[in-house]
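In: build me a structure from this.
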Amino acid sequence: MTAAENVCYTLINVPMDSEPPSEISLKNDLEKGDVKSKTEALKKVIIMILNGEKLPGLLMTIIRFVLPLQDHTIKKLLLVFWEIVPKTTPDGRLLHEMILVCDAYRKDLQHPNEFIRGSTLRFLCKLKEAELLEPLMPAIRACLEHRHSYVRRNAVLAIYTIYRNFEHLIPDAPELIHDFLVNEKDASCKRNAFMMLIHADQDRALDYLSTCIDQVQTFGDILQLVIVELIYKVCHANPSERARFIRCIYNLLQSSSPAVKYEAAGTLVTLSSAPTAIKAAAQCYIDLIIKESDNNVKLIVLDRLIELKEHPAHERVLQDLVMDILRVLSTPDLEVRKKTLQLALDLVSSRNVEELVIVLKKEVIKTNNVSEHEDTDKYRQLLVRTLHSCSVRFPDMAANVIPVLMEFLSDSNEAAAADVLEFVREAIQRFDNLRMLIVEKMLEVFHAIKSVKIYRGALWILGEYCSTKEDIQSVMTEVRRSLGEIPIVESEIKKEAGELKPEEEITVGPVQKLVTEMGTYATQSALSSSRPTKKEEERPPLRGFLLDGDFFVAASLATTLTKIALRYVALVQEKKKQNSFVAEAMLLMATILHLGKSSLPKKPITDDDVDRISLCLKVLSECSPLMNDIFNKECRQSLSHMLSAKLEEEKLSQKKESEKRNVTVQPDDPISFMQLTAKNEMNCKEDQFQLSLLAAMGNTQRKEAADPLASKLNKVTQLTGFSDPVYAEAYVHVNQYDIVLDVLVVNQTSDTLQNCTLELATLGDLKLVEKPSPLTLAPHDFANIKANVKVASTENGIIFGNIVYDVSGAASDRNCVVLSDIHIDIMDYIQPATCTDAEFRQMWAEFEWENKVTVNTNIIDLNDYLQHILKSTNMKCLTPEKALSGYCGFMAANLYARSIFGEDALANVSIEKPIQQGPEAPVTGHIRIRAKSQGMALSLGDKINLSQKKTSI
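Out: Residues are numbered from 1 along each chain as shown. The predicted model follows:
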């Protein structure tokens, strides 16, 4: 806050459409009107003074005719009036009339009504004139002994503010309040008194605390919170005091108030890093998460636990509490469950992985029994992924997990089944000892799979890993069972012909007219609508997929049949059995090709699928060793390479994370001994209470602020020209969901500008919270006007407007200065985020808004251009570094980001280097952006268009 700004305690809404009343009519109302008209007149006077009118003639009128009234509404309004009215002459001396006002205050401080006494004491906190307060000191002191707690607690506040501003008026205030605190019984009065001692005389506050440190648990929660704050501040400034108060903080962890428990746990962690202290604080946090019903509270406390985990020493303590943390999974909120599972996964060790897996298996089974809900499917996916990660890190667990999860391959939710399939594919490749178990389980659930995508994956796994003669036969049996009667075309035609005959016979017969119970006529029809659906229900799964026109699964089946046929030929020596098996495989492929070319399926077979099936037929007819190697060895090698690359990438990211967390100490760094540390050196640690207060006020300092280029001046926008009669510039402060415009307005003329008003309007998803109040500007004077704008979504917003004013003494109309537009940058709301390839593809298919941006840049290197785009759009590249390394003249990468409002933004960069134009040719290509909302897609496209033209530095 600048020194030029006056502190404002009272905000009053002013209706701007009414005409301001004259001083004479107000005087008349205040003198001769009834209580109601005096109340209205007093309100108008207050509004006019707030707008800059002086009205000195009304002061004595109000003292004579309004001050003696006992009406409570008028008394309240008078307190506002005395707060804002000028109390001094131009040379700074107190007005003589104020002596009369002071006497009225004194009478109110001795009034029998406790509300009037209390509200007068609250008002005295706002007075800044020592001459007015001096005669009232005995009355204020007397209020400390009033029977009502409302008067006593406000008397403490009044004494505190007077002592802080004018210590000479009440020099014995700390002693007085200490004595008051010792004898006081009311919790709110004790809280205010203790608060004053903390800020006015900390030693007395500590003396009082030491006398009652054993009774702290019995105090009210508001006093306990203040005690926690005092202990934190004392130990922060003087670490040697820790031993004295740590027991008190331990006791406060058992408080009945959640707020006290939360603050006490946070303070305990900062005071001590002993394992017992960390364990007690973590246990307290876990209890809070489980007991609190508000999901926001759960998420905030979970974040505290995650912060604890970041410390390497604390992580070991938290590992013992993994099972307690998993109790949080009883919360139905998906976000809470997601964070809990991630935290548990980060903390799991070989000691507790078995227990973790048992709990997760139970949770998975529970999701199967719960009635279907949107979040149940997502939660199941989360559980599957967590179990997947556990099995990869601890291979011994895979044998317990796989049988439970494979039941979900037949799940109707394709996303959860796809996650299970991905897990099974990785497990069967990595763990040789589990292959028999997985194949056996896969054959059991194969016929129940409902989704074509999962069916394709299951076929691939069976074709790749069935190595015994019995398993190969079982796969062929399952395929035949799933395909139904063959040849498909002939059996389908027969079936249709067989169903049509009875219908023809029935329709020939006479149509019967029946009378229903209600007396109406109904016609009996021979055609039954249930028959076709019944026929579809009876269809085997694979046959159903093919008749629906999904022939991609047929291409997958052809590959699987080829693999198992080639393997069967290698395993079985008898020529007859070999030929019989190969012929059966070829027959299945041929019948599928025949079906694809017929008119029976809903969609005909594609040329790609025909080529694939024909190729498989040719391979089986020739059985060459080269093809055998390609089908049975190289496919598996490709999977192995992919999995090892993925594992390497995960290890690399984990290593980076651990490097971030481990605080490295250089050999020549000085060692800090706590006992030898001077008090002023302790201030290097940040005060948590101060930080939380700044965060609540929206004044959090960003880490980038250390960079001189990222100073406030970068955010200043000039709104008018230097030659305009009114100069204006705005500092744009973006604080998550709202924007604060701090507008400096300078009167550059020699006239007084009255009713100088900043009028703003917005474009996009922005909303002006309040209309800035008008000002009166003296010649060459300046003022700051603040305006709040709420932001609803991630869009490029524009704020525009003008400044209107009247020139004092001029007869002309209102003057107007039009302001430049203020553009709100989308980058303030976008943060890099990660998602899996499957999630990216799913969102890419779902999002309906696409913005295609043509690359137009002078950057000549593909990788440099990608890095430039990532930096300017705040997005994260999902494509692994290995896939982007090397040079081949073109590059494709997927980018992802999320806004603070939870909106997703996807981008696909497809760029190339036109080699034929020489080495200095710039990068060309396209960037496709997809988002759920039009605003997001367009805004991100505009941002890329603006930034890509900049030169590469």
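
In: what residues does stretch 33-43 touch?
Out: 26, 29-30, 62, 65-66, 69, 71, 73-74, 77-78, 81 (C-beta atoms under 8 Å, 6 or more residues apart in numbering). (Each C-beta comes from the backbone N, C-alpha and C, glycine too.)

In: of those, buried ones?
Out: By neighbour count, with 16 or more other C-beta atoms under 10 Å, the contacts of stretch 33-43 hold 26, 29-30, 62, 65-66, 74, 77-78, 81 as buried.

In: where does Thr73 fall, secondary structure wise?
Out: helix 72-84 (DSSP states H and E).

In: now what about that helix, what contacts it?
Out: Contacts of helix 72-84 (C-beta under 8 Å, 6+ apart): 9-10, 12, 35, 38-39, 42-43, 45-46, 49-50, 62, 66-67, 69, 101, 108, 115-116, 119-120, 123, 126-127.

In: before we move on, what about stretch 174-192?
Out: 141, 144, 149, 152-153, 156-157, 159-160, 163, 170, 193-194, 196-197, 200-201, 204, 207-208, 211, 219-220, 222-223, 226.

In: quick one on the thing from earlier: just want the angle from the following helix or strand past the helix holding Thr73 to helix 72-84.
Out: Downstream of helix 72-84, the first helix or strand assigned by DSSP H and E is helix 98-109. Angle of helix 98-109 versus helix 72-84, following axes from the mean of the first three to the mean of the last three C-alpha atoms, to 10 degrees, is 140 degrees.

In: can you mark which positions in helix 98-109 are buried?
Out: 98, 101-102, 104-105, 108-109.

In: can you check stretch 770-787 too?
Out: 772, 774-777, 783, 785, 787.

In: tell me the one of these nearest Ile402?
Out: Relative to Ile402, the closest of the buried residues of stretch 770-787 is Ala787; by C-beta to C-beta it sits at 60.3 Å.

In: domain ranges for this structure, per the record?
Out: 347-446, 465-494+539-622, 625-653, 713-823, 826-947 (the TED database).

In: got the ones you listed as CSV, with distance to Lys279 columns?
Out: Formatted as CSV, the domains of the chain follow (distance: least, C-beta to C-beta, whole Å):
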stretch, distance to Lys279
domain 347-446, 13
domain 465-494+539-622, 46
domain 625-653, 29
domain 713-823, 34
domain 826-947, 32
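
In: ok so, going back, need the buried ones among the contacts of stretch 33-43 in TSV with pLDDT and distance to Thr606, can you?
Out: What follows is the buried ones among the contacts of stretch 33-43, written out as TSV (pLDDT from 0 to 100; distance: C-beta to C-beta, whole Å):
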residue	pLDDT	distance to Thr606
Leu26	83	87
Asp29	83	89
Leu30	81	91
Ile62	84	90
Phe65	85	95
Val66	83	91
Ile74	85	87
Leu77	86	82
Leu78	84	87
Phe81	84	84
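
In: any low-confidence regions in the stretch 501-650 of the chain?
Out: Along the stretch 501-650 of the chain, the model assigns pLDDT under 70 to residues 501-538, 628-629, 632, 636, 650.
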